[in-house]
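Enquirer: Below is the sequence, then the predicted model.
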Protein chains: 2
Amino acid sequence: MTRQVVAIMREEILGRAVPLFAKVGFEGVSMRDIATTVGVTPAALYHHFPDKDQLYLAAVEHAFEGKVGPFKSILDGTGSPWERLEAFIAKFARVLDEENDFRRLMQWVMLDSNEERLQRLAHCVFGNLFNALRNVAGELVPTGSTHLLAVSTVGLIIYHFETKAVRRFLPGYEQRREDPAVIAKHVVGLLRNGLESSGPAT
Amino acid sequence: MTRQVVAIMREEILGRAVPLFAKVGFEGVSMRDIATTVGVTPAALYHHFPDKDQLYLAAVEHAFEGKVGPFKSILDGTGSPWERLEAFIAKFARVLDEENDFRRLMQWVMLDSNEERLQRLAHCVFGNLFNALRNVAGELVPTGSTHLLAVSTVGLIIYHFETKAVRRFLPGYEQRREDPAVIAKHVVGLLRNGLESSGPAT
DNA sequence: GTCTATACCATGATAGAC
DNA sequence: GTCTATCATGGTATAGAC
């Protein structure tokens, strides 16, 4: 029963830390910041996590918890490979649009210079999902490199959201084209038939 | 002539600062770090730049100097739109592969929470190149959104390099598929005909 | 399990000698 | 134009009372 209370406080800390790390990254957040946001003193945090590094790692994994499963279900699910891929793209675009913290944390992770953290997150967080996507790619293009195809697919979707903050200041930016459904449709068209048939964006 | 000496020291500082910022980002680098690398004291840096923010901004712009021009030349150059696009993709992949600092700085910029910096860099650094790419996209797909198409094209290429550090720990990673020429060929195939004709990766 | 208090160090930035 | 010296602030982390 004490165990539950401890676990709850742990969750509370992580829940508050995630948006902070998402916004300004590991180096940009201080233990004081997190403590203040949670409503405790910095010393209290050290009762739940040995140091800032471990807290960050736990926060990232917390942010990814439950996120990967649904995507994997879609990719491993029923229907033709194209149907599954399209469903994945639509949902992925929606999640990226709605959950900025999740997306930004992914970006911070990619820039992490710490090999240990990188490896751990690759295995714990990305591994399963990436494999499911590779499987679908393999069904669609038996002769291609599933690794290459999976990366291209994800990059094609995610880059629209990674660059959104900058693109607001670039020419041709239009609010209505930032709808995740529009982006998903565009991406599917491109994957199906290439550029020239990606046609008019709705 | 004193002007020249000053300018040289400025360049020297920026040249040394770029790799530092590229590796650990704005928050990860201290003025002491930069000073040590340059071989002066921190106080000396403040003779050339008013504060850390301005030094960072100058470093980023320094890293992008000369980079944008050649890409723009290719895109604005002669030949069919497809030829120009392919040449751009090939060169872009090569540069991303060779110049890690350049690529990582782009990634840090995308995560910047500072609206001012973001806007300035968008205009000074990305604006021209992005427009040139949009023009080519417009020639290829007169009915499509050039903004969407340009973002997709860049994302399709760049994501292979952004994720490289993580992908090393993911299944299906193969050294020989990390060759920028292989990636460029893969991307061109995808843009030309979509997934199913992206065929076997060389 | 959280607090107060604090040790100890790194940070950005400046003043003033040379 | 660079140095030495220094300041105020804020960083991680710990000790020990409650």
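Expert: Okay, I see it. Numbers count the residues shown, from 1 in each chain, chains lettered A, B, ... in the order given.
Enquirer: ok, A:His160 - contacts?
Expert: By CB atoms under 8 Å, 6 or more residues apart in numbering or on different chains, the contact list for A:His160 reads A:93, A:178, A:183, B:148, B:151-152, B:155. From N, CA and C alone the C-beta is placed, and that goes for glycine too.
Enquirer: rerun that using 7 Å as the cut-off
Expert: A:His160 makes contact with A:183, B:151, B:155, according to CB atoms under 7 Å, 6 or more residues apart in numbering or on different chains.
Enquirer: Quick one: list the elements packing against the helix or strand harbouring the first one.
Expert: Same thing as A:Ile183. Element membership of A:Ile183 [criterion: DSSP states H and E] is helix A:180-193. Contacts defined by 3 or more CB pairs under 7 Å, 6 or more residues apart in numbering or on different chains; DSSP states H and E place helix A:180-193 against helix A:81-98, helix A:146-162, helix B:146-162.
Enquirer: Dump those helices to CSV, plus distance to B:Asp53 and mean pLDDT.
Expert: Converted to CSV, those look like this (distance: least, CB to CB, whole Å; pLDDT from 0 to 100):
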stretch, distance to B:Asp53, mean pLDDT
helix A:81-98, 30, 98
helix A:146-162, 23, 98
helix B:146-162, 25, 98
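Enquirer: From what I see, A:His186 and B:Leu148 are in contact.
Expert: Yes - counting by CB atoms under 7 Å, A:His186 does reach B:Leu148; the two are 5.3 Å apart.
Enquirer: what is the mean pLDDT for the longest helix seen in chain A?
Expert: When chain A is parsed with DSSP state H, its longest helix is helix A:2-28. For helix A:2-28, mean pLDDT is 92.
Enquirer: Quick one: name the residues of chain A near DNA strand C.
Expert: Proximity of chain A to DNA strand C, by CB under 7 Å from any atom of the strand, involves residues A:2, A:5-6, A:9, A:39-44, A:47-48.
Enquirer: burial of the nearest residue to A:Phe161 once chain neighbours are set aside, as a residue count?
Expert: The spatially closest residue to A:Phe161, leaving aside those adjacent along the chain, is A:Leu96, at 4.4 Å (CB to CB, 6 or more residues apart in numbering or on different chains). A:Leu96: 20 surrounding residues under other CB atoms under 10 Å in any protein chain shown.
Enquirer: The one 5 residues further on now?
Expert: Here the count is done by other CB under 10 Å, and A:Asp101 has 15 residues near it.
Enquirer: hang on, isn't it packed against A:Val18?
Expert: Yes - in this structure, A:Asp101 is within contact of A:Val18 by CB under 7 Å, at 5.6 Å.
Enquirer: For A:Arg192, see how far away the nearest residue to A:Glu11 once chain neighbours are set aside is.
Expert: Nearest residue to A:Glu11, sequence neighbours excluded (CB to CB, 6+ apart): A:His62, at 7.6 Å. Going from A:His62 to A:Arg192 by CB to CB, to the nearest Å gives 36 Å.
Enquirer: Repeat that for A:Met31.
Expert: Distance check for A:Met31 against A:Arg192: by CB to CB, it reads 49 Å.
Enquirer: what do you get for A:Arg16?
Expert: Distance, A:Arg16 to A:Arg192, using CB to CB: 43 Å.
Enquirer: Show me which residues of chain A sit near DNA strand D.
Expert: A:29-33, A:42-43, A:46, A:50-53.
Enquirer: In helices, which of these fall?
Expert: A:31-33, A:42-43, A:46, A:52-53.
Enquirer: And the residues you listed, which two are furthest apart?
Expert: A:Ala43 and A:Asp53 (17.3 Å; CB to CB).
Enquirer: Who has more neighbours out of the two?
Expert: Ranked by neighbour count (other CB under 10 Å), A:Ala43 and A:Asp53 place A:Asp53 first, with 13 against 9.
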